[in-house]
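Participant: can't give you the sequence, but here's the structure:
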């Protein structure tokens, strides 16, 4: 692979890590963007002892650690799962920001560099715009990116799709750049020396490399720079695998070999890196001795411990929008959670992440003493940066935007679920009650979509995501409690734009029952005539309808708030039966697609949902037009039970 020369020089001479302790927190980190170049990464790591030749030979096989696209494995030196182009180098930016955030709090003794490797596809992906802009704006001089510029992509030469001057583009964003022969190791060293010496700007090394370097046909003719070698094995592309191995100095009969002189050279490399790491660890030990309280705090951050908080101390106002209740909680966290970083995609005053911002400051070039990242309009970039922060470790990344714009974020949300990253998402303006902004801004299908992530299991067998939609201000506090105590998977929190009346008898203590995913808000009898269930704003509408059902029909009603179906499904059968008794008719209400609740009401139940796009009008008018009123709950339940 054309980028192999760079990787070999980087890993053997510049990347600081401990081969005997690859999870050492102050190591340099390498983020791969083009996951299809996994063989290059595995080979480089194998030279340092992280993979065996047998494991390389079992590339892409069942049970092998050498997956087709790398999957995060810190113990082997794989810092990120990569595959969807553009996300890997964006995660690297998140890690670089985290490094500066922590150094600002604990000292420059913990500084380290973040390296990343990108291909033509990553440069072309739209996410690179947000990443390049923000890295330059913040002056991330601890970020070094190598661009494997071989002028070939999967189905065409790059000249068929672009005429851009990549160096000028990045320079316009505030990067330092250097263009080199990416297969010349002396030029690579010169570029890396310049990159590490840079103190004001992120550094882009554009390496002009050769696709399929060394590839030949059966008759020995060069097969370099061919489009076909990008996405196929050499033999299928038109080259000869055996002849190419010979041309590169290998034995086709035994290709997976580390030659003795190479093993000897890397033994020296490993010894040097162990020695350097030991010196850095000694420096850390001395700092810890001099700063025991700070050291304890740092270790709690590194160990990804949930912050020890008394959530009952968060004083919520009754009848507020849940986005406002979230802002109240964020204000408390700004003063009590020292490693939280909050981001917003140009909506801080609307998604109410400004509850946090009002008690801190924004990141600026050379100043990471604050804890708020103004993203600009870049939702996907924001979500991928949050993943990089979580991968680096030591911080709690939180990002906010309107719920409808979660659509922009889903590729990175999926990666967070796959990598088991405890990122927190704040999604406000949760339903058609956005109102006058109309159907473009009114989320309808989004809740059904994101709740599918609660049904999708990760490789540990857990729900790949926790999704919560609280029904009042006290449930919002509990939603945040659930999010911060969830250190194993991402959490999405869906908040209302409009004010919501508190549920009957609502207190923080009562709302903690939501930690089981669903709980009984009101219960008229051990044998109710009907169970009414919903999440978010609609629970309050059910409360209104239930009162009418009691007054006009004498019905005994049980009202259930289902903040998270996925979490509720994980409870024991007895609890689920108590909350949703199987023999009792169930009526659900959702401001999203009916399918959101159909699994909970069952085959014989009924859901009042919204199965069409919204309209532009005041939300109170839309409530009437769409049937989200207590009166319509009464009418629908009476018809349902008839």
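Facilitator: Structure received. Values in this document were obtained by computation on a predicted structure and should not be read as measured data.
Participant: all contacts plus neighbour counts: C-alpha atoms, from now on.
Facilitator: Will do.
Participant: Against which helices or strands is the worst-scoring helix or strand of the chain on mean pLDDT packed?
Facilitator: Using mean pLDDT, DSSP states H and E, helix 234-237 stands out as the lowest-scoring helix or strand of the chain, at a mean of 90. Packed against helix 234-237 by the contact rule (3 or more C-alpha pairs under 8 Å, 6 or more residues apart in numbering; DSSP states H and E) you find no helix or strand.
Participant: Name the residues that touch it?
Facilitator: 215, 228-229, 240-241 (C-alpha atoms under 8 Å, 6 or more residues apart in numbering).
Participant: which of the residues you listed lies closest to residue 356?
Facilitator: residue 229 (50.1 Å; C-alpha to C-alpha).
Participant: Tell me the pLDDT of that closest one.
Facilitator: We note a pLDDT of 89 for residue 229 in this prediction.
Participant: Next, give phi and psi for it.
Facilitator: phi -80, psi -10 (degrees, to the nearest 10).
Participant: Skipping adjacent residues, who's closest to it in space?
Facilitator: Distances taken as C-alpha to C-alpha, 6 or more residues apart in numbering put residue 237 closest to residue 229, at 5.4 Å, once the chain neighbours are dropped.
Participant: quick one on the thing from earlier: rounded mean pLDDT for the following helix or strand past the least confident helix or strand of the chain, please.
Facilitator: Downstream of helix 234-237, the first helix or strand assigned by DSSP states H and E is helix 241-247. The average pLDDT for helix 241-247 rounds to 94.
Participant: Mind listing what's buried along helix 241-247?
Facilitator: Residues 241-246 are the ones in helix 241-247 that count as buried (16 or more other C-alpha atoms under 10 Å).
Participant: do stretch 213-232 as well
Facilitator: Applying 16+ other C-alpha under 10 Å to stretch 213-232 flags 213-217, 222-230 as buried.
Participant: from the residues you listed, which is closest to residue 588?
Facilitator: residue 230 (51.4 Å).
Participant: I am assuming the closest one contacts residue 153, so please confirm or correct that.
Facilitator: Yes - Residue 230 is within contact range of residue 153, at 6.6 Å (criterion: C-alpha atoms under 8 Å).
Participant: which residues in the stretch 351-500 of the chain form strands?
Facilitator: Assigned strands in the stretch 351-500 of the chain, in chain order: 372-374, 396-402, 424-428, 466-468, 491-494 (criterion: DSSP state E, counting those that start in this stretch).
Participant: Determine which stretch of the ones you listed is the most buried.
Facilitator: Sort the strands of the stretch 351-500 of the chain by mean neighbour count, taking mean count of other C-alpha atoms under 10 Å, and strand 466-468 sits at the top with a mean of 29.
Participant: Relative to that one, what are the paired strands and their orientations?
Facilitator: If you go by DSSP bridges, strand 466-468 pairs up with strand 491-494 (parallel).
Participant: ok, and what's touching the strand it pairs with?
Facilitator: Outside strand 491-494, the residues touching it (C-alpha under 8 Å, 6+ apart) are 403, 422-428, 430, 465-470, 479-480, 483.
Participant: Tabulate the strands of the stretch 351-500 of the chain in TSV, adding columns for distance to residue 30.
Facilitator: Output for the strands of the stretch 351-500 of the chain, formatted as TSV (distance: least, C-alpha to C-alpha, whole Å):
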stretch	distance to residue 30
strand 372-374	23
strand 396-402	20
strand 424-428	24
strand 466-468	29
strand 491-494	26
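Participant: okay if I get the ones you listed as TSV plus distance to residue 532 and mean pLDDT?
Facilitator: Formatted as TSV, these follow (distance: least, C-alpha to C-alpha, whole Å; pLDDT from 0 to 100):
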stretch	distance to residue 532	mean pLDDT
strand 372-374	40	98
strand 396-402	28	98
strand 424-428	24	98
strand 466-468	18	98
strand 491-494	21	98
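Participant: Can you check which of these gets nearest to residue 88?
Facilitator: Closest among the strands of the stretch 351-500 of the chain, using C-alpha to C-alpha: strand 396-402, at 16.9 Å.
Participant: packing partners for that closest one?
Facilitator: strand 340-344, helix 379-392, strand 424-428.
Participant: distance between the second one and the chain's centre?
Facilitator: What it means is helix 379-392. 5 Å (C-alpha atoms, centre = their mean, to the nearest Å).
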